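# What would the 3D arrangement of this be:
(2 chains)
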Amino acid sequence: AQKVTQAQTEISVVEKEDVTLDCVYETRDTTYYLFWYKQPPSGELVFLIRRNSFDEQNEISGRYSWNFQKSTSSFNFTITASQVVDSAVYFCALILRPSGGYNKLIFGAGTRLAVHP
Amino acid sequence: KAGVTQTPRYLIKTRGQQVTLSCSPISGHRSVSWYQQTPGQGLQFLFEYFSETQRNKGNFPGRFSGRQFSNSRSEMNVSTLELGDSALYLCASSLAGTSVSYEQYFGPGTRLTVT
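Model (predicted):
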């Protein structure tokens, strides 16, 4: 079965705290892609990062960093020095390799992050 | 570059009616996917179109259908609306690949309320 689990339903932090959002995925495929999206109150999903299964290198983009570990099937997302503008729902997603196309995103349930001043 | 646009942004319909939602992808993107978001089921894949052909389909009843035009614009249709169809419908566009998956860019969504 293919599945994405975001065990943290809601996280509340105070501004400037670091926060890590967990993502665990399940798949038997060796080729797959992992994504993180942000959904602010406006509702539009904003793309943050894409990672393929052959690239385990961690990535840092400003205050954002991602840790991909195939050994534990995890793709965790850390926000350093959080800000109020980071308040949103964050989704982790998986794309497998079906025949004929690669665009069926399987989403986790999302983690609602609230950053308080 | 303009983003993904969806019209209308809000809709209120009555049970039994049908509805058509529209999506214009980012220029140059040939793949359009549709997702349904509800509080209970989360984000679920409806279908994907590429070159006017449905390439992938999610687990939804036949009341949900879609199409794509030659300019890559897409529409989805829901017939015989049920209360449970109330949701945010999101459209996403991406570059199309058969051996690699590109990131999908989402529109603002159409919020459908069925009464």
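# Confidence-wise, which helix or strand of chain B is lowest on average?
Least confident helix or strand, chain B: strand B:53-57 with a mean of 88, by mean pLDDT, DSSP states H and E.
# Does anything pack onto that strand? Which helices or strands?
Where contact means 3 or more CB pairs under 8 Å, 6 or more residues apart in numbering or on different chains; DSSP states H and E, strand B:53-57 is packed against strand B:42-50. For every residue, glycine as well, the C-beta is placed using N, CA and C.
# what residues does chain B put near chain A?
Contact residues, chain B versus chain A (CB under 8 Å from any CB of the partner chain): B:31, B:33, B:35, B:42-45, B:48, B:50, B:55-56, B:58, B:88, B:90, B:92, B:94, B:96-109, B:111.
# which of the residues you listed are buried?
Among those, those classed as buried by 16 or more other CB atoms under 10 Å in any protein chain shown are B:31, B:33, B:35, B:43-45, B:48, B:50, B:55-56, B:58, B:88, B:90, B:92, B:94, B:96, B:101-109, B:111.
# Against chain A, how distant is the residue most central in space within chain B?
Centroid-nearest residue in chain B, with CA atoms, centre = their mean: B:Trp34, separated by 2.9 Å. To chain A, B:Trp34 is 11 Å away according to CB to the nearest CB, to the nearest Å.
# residue contacts, the closest residue to that residue other than its chain neighbours?
In space, and not counting its chain neighbours, B:Trp34 is closest to B:Leu46: 4.1 Å by CB to CB, 6 or more residues apart in numbering or on different chains. Residues near B:Leu46 by CB atoms under 8 Å, 6 or more residues apart in numbering or on different chains: B:33-36, B:57-58, B:60, B:64, B:66, B:76, B:89.
# Just give me the closest of those to chain A.
Taking CB to the nearest CB as the measure, chain A lies nearest B:Ser33 of those, at 5.4 Å.
# what about that closest one, helix or strand, and which?
Per DSSP states H and E: B:Ser33 is located in strand B:31-38.
# what's that strand packed up against?
strand B:42-50, strand B:74-78, strand B:87-94.
# is it possible to export those to a markdown table including distance to A:Thr27 and mean pLDDT?
Formatted as a markdown table, these follow (distance: least, CB to CB, whole Å; pLDDT from 0 to 100):
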| stretch | distance to A:Thr27 | mean pLDDT |
| --- | --- | --- |
| strand B:42-50 | 15 | 93 |
| strand B:74-78 | 27 | 98 |
| strand B:87-94 | 20 | 96 |
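# Excluding covalently adjacent residues, which one is nearest to A:Glu44?
Nearest non-adjacent residue to A:Glu44, counting by CB to CB, 6+ apart: B:Pro108, 4.7 Å away.
# surely that neighbour meets B:Arg9?
Yes. B:Pro108 lies in contact with B:Arg9 (CB atoms under 8 Å); the separation is 6.5 Å.
# circling back to that earlier point, do you know which of the helices and strands packed on strand B:31-38 lies nearest A:Glu26?
Minimum separation from A:Glu26 across the helices and strands packed on strand B:31-38 (CB to CB) falls at strand B:42-50, 16.0 Å.
# The least confident helix or strand of chain B: how far from the chain's middle?
Centre-to-centre, strand B:53-57 and its host chain are 12 Å apart (CA atoms, centre = their mean, to the nearest Å).
# Check which helix or strand residue 103 maps to.
Using chain A. For A:Asn103, there is no helix or strand it lies in under DSSP H and E.
# looking at chain B here, not the other one
Applying DSSP H and E, one finds B:Glu103 in no helix or strand.
# Let's see the pLDDT reported for A:Tyr102.
With respect to pLDDT, A:Tyr102 has a value of 65.
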